[in-house]
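model this:
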Amino acid sequence: MGIRIYPDENDPTIVRWDIEGRWTWDDYHHARTDSDRIGQGVERFDIVCDMRRAGPVPVSPATLHIKHGLDNALPAWGICVLVGPDAFVRVMVSLVQRVLPKARNTFFLADSVEQAHEIISRARARQTT
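The predicted structure follows:
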């Protein structure tokens, strides 16, 4: 199935990623490129990545792919909230936050899309204060 990318219907400065079934790191890199295209021209955009129907993380060094995404992110890129990740992804996020300093205040976990929107609202409020 892969990763479906689209602007959030209620907030065009939030890019939605819906991952369903099997996906690849090529899907991830295409999603990053599409997100940058959607987020161009705004002061800040954030990502809500719905993983509730995602298949397993592809076999490959995930930290290298995530580091590449962080190193090449647009300045307007804010945070990424992962919705409903499995236990492996939760552990992976914790590991990535330890080994990649840029990831420490970039990746967050949520149980629902609504909670992801709340996390983004709080992050944006902190940015303006």
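
what's the local residue count around P85?
By the criterion of other Cβ atoms under 10 Å, P85 has 22 neighbours. Using the backbone N, CA and C atoms, a C-beta is placed for each residue, glycine as well.

ok, it - contacts?
Neighbouring residues of P85 by Cβ atoms under 8 Å, 6 or more residues apart in numbering: M51, A54, V93, L109.

name the helices or strands packed onto the host helix or strand of the last one?
I take that to be L109. Element membership for L109, per DSSP states H and E: strand 107-110. For strand 107-110, the contact count by 3 or more Cβ pairs under 8 Å, 6 or more residues apart in numbering; DSSP states H and E identifies strand 77-83, helix 87-99, helix 113-128 as packing neighbours.

compare these and give me the one nearest F45.
Evaluated over the helices and strands packed on strand 107-110, closeness to F45 peaks at strand 77-83, with 6.4 Å, by Cβ to Cβ.

partners of that closest one in the sheet?
strand 45-54 (parallel), strand 107-110 (parallel) (DSSP bridges).

what separates that strand from the chain centre, distance-wise?
Counting by Cα atoms, centre = their mean, to the nearest Å, strand 77-83 is centred 4 Å from the centre of its parent chain.

ok, now stretch 95-105?
14 Å.

circling back: quick check: which of the strands paired with strand 77-83 is buried the most?
strand 45-54 (a mean of 21; mean count of other Cβ atoms under 10 Å).

got a list of contacts for the following helix or strand past it?
Note on strand 45-54: by DSSP H and E, the next helix or strand toward the C-terminus is helix 62-71. With Cβ under 8 Å, 6+ apart as the test, helix 62-71 has contacts from W25, Y28, H29, R32, M92, L95, V96, V99, L100, K102, A103, T106.
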